[in-house]
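Participant: Okay, structure incoming, though there's no sequence with it:
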Ligand code: TIU
């Protein structure tokens, strides 16, 4: 049955059976001290405000029986999937693959690469491991969504202007309707958070909708 989601620039009608919750990169490496985000010079506490709203949306989605997909950004231990340009960029204190306090930075299988305990996936919730910022690039995310006839994505995660934006832009071109949950996303830069969300909903919702965790929970009740 179709439901109505309060959002900007206007209400979005969605069918929970054809909607997936996509949680982008809520990993220790971005949200906890000693990880990739901090090695790039960022204050990771700025992202932590997104945890509780994301948990609220995740619980509502689970209760509604919605399809939930989590993503993690990172690389195989051999780093053969890491472009040298990505390794060099950002003038980090530790590079991707170096040993940090939570294991090797942004490497699959390491503690820092994993999803934070507050939002840990159940065994029925696929985890997409992605080497880039775009969750569709070099992954089988599209296959998983097409198999379920998904048409709408409710998107949470970090960071708003990097992996969330890159993924939502690609999702648009692939024909998915995207609603980004403002308080369940986060940026290391408050200005980018504000403008990043404005960009999604500008021009009559050029990339999609912006909603809140409370509005998603209300819609799924
Ligand atoms: N640096 C930054 O803001 N983000 C990333 O490197 N990856 C994601 O956004 N996940």
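Facilitator: Ah, there it is. Since the structure is predicted, the reported quantities are computational estimates derived from the model, not experimental observations.
Participant: Could you use CA atoms for every contact and neighbour count after this?
Facilitator: OK.
Participant: ok, which residues in the chain are in contact with the ligand?
Facilitator: Selection of the chain residues close to the ligand by CA under 6 Å from any ligand atom yields 25, 37, 133, 158-159, 162-163.
Participant: can you do 5 Å?
Facilitator: Residues of the chain found near the ligand (CA under 5 Å from any ligand atom) are 159, 162-163.
Participant: If any of the residues you listed are buried, give me the PyMOL selection for them.
Facilitator: The buried residues among those can be selected in PyMOL (16 or more other CA atoms under 10 Å) with this line:
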select buried, resi 159+163
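Participant: In JSON lines, list the residues of the chain next to the ligand along with pLDDT and distance to residue 215.
Facilitator: Shown next, in JSON lines, are these (pLDDT from 0 to 100; distance: CA to CA, whole Å):
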{"residue": "159", "pLDDT": "98", "distance to residue 215": "21"}
{"residue": "162", "pLDDT": "98", "distance to residue 215": "24"}
{"residue": "163", "pLDDT": "98", "distance to residue 215": "23"}
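Participant: Tell me which other helices or strands the longest helix belonging to the chain touches.
Facilitator: Ordering each helix of the chain by length in residues (DSSP state H) puts helix 190-205 first. Judged by 3 or more CA pairs under 8 Å, 6 or more residues apart in numbering; DSSP states H and E, the packing partners of helix 190-205 are strand 177-186, strand 209-211.
Participant: Average pLDDT for the first one, rounded please.
Facilitator: Going back to what we said before, that points to strand 177-186. Strand 177-186 carries an average pLDDT of 98.
Participant: and the angle for that strand with helix 190-205?
Facilitator: 170 degrees (axes from the mean of the first three to the mean of the last three CA atoms, to 10 degrees).
Participant: Just checking: what are the partner strands of strand 177-186?
Facilitator: Sheet pairing for strand 177-186, assigned by DSSP bridges, gives strand 152-158 (parallel), strand 209-211 (parallel).
Participant: I'd like these as TSV, with mean pLDDT appended.
Facilitator: Formatted as TSV, these follow (pLDDT from 0 to 100):
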stretch	mean pLDDT
strand 152-158	99
strand 209-211	98
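Participant: Nearest approach to residue 50 belongs to which of those?
Facilitator: strand 152-158 (7.3 Å; CA to CA).
Participant: quick one on the thing from earlier: just the buried positions in the longest helix of the chain, please.
Facilitator: 192-193, 196-201, 205.
Participant: hey, where'd the helices end up in the chain?
Facilitator: Using DSSP H, helices in the chain cover 28-31, 36-39, 51-63, 84-88, 141-147, 165-173, 190-205, 213-220.
Participant: Please identify the most buried of these.
Facilitator: Of all these, helix 28-31 has the most neighbours on average by mean count of other CA atoms under 10 Å, namely a mean of 28.
Participant: outside of that helix, which residues touch it?
Facilitator: By CA atoms under 8 Å, 6 or more residues apart in numbering, the surrounding residues in contact with helix 28-31 are 35-38, 44-45, 47-48, 102, 105-106, 111-116, 158.
Participant: In the sheet, which residues pair with the most centrally placed residue in the chain? Tell me.
Facilitator: Centroid-nearest residue in the chain: residue 24, 1.6 Å away (criterion: CA atoms, centre = their mean). Per DSSP bridges, the residues bridged to residue 24 are residue 71, residue 157.
Participant: Mind checking the strands paired with strand 177-186 for the one nearest to residue 178?
Facilitator: That would be, of the strands paired with strand 177-186 and by CA to CA, strand 152-158, which comes in at 4.8 Å.
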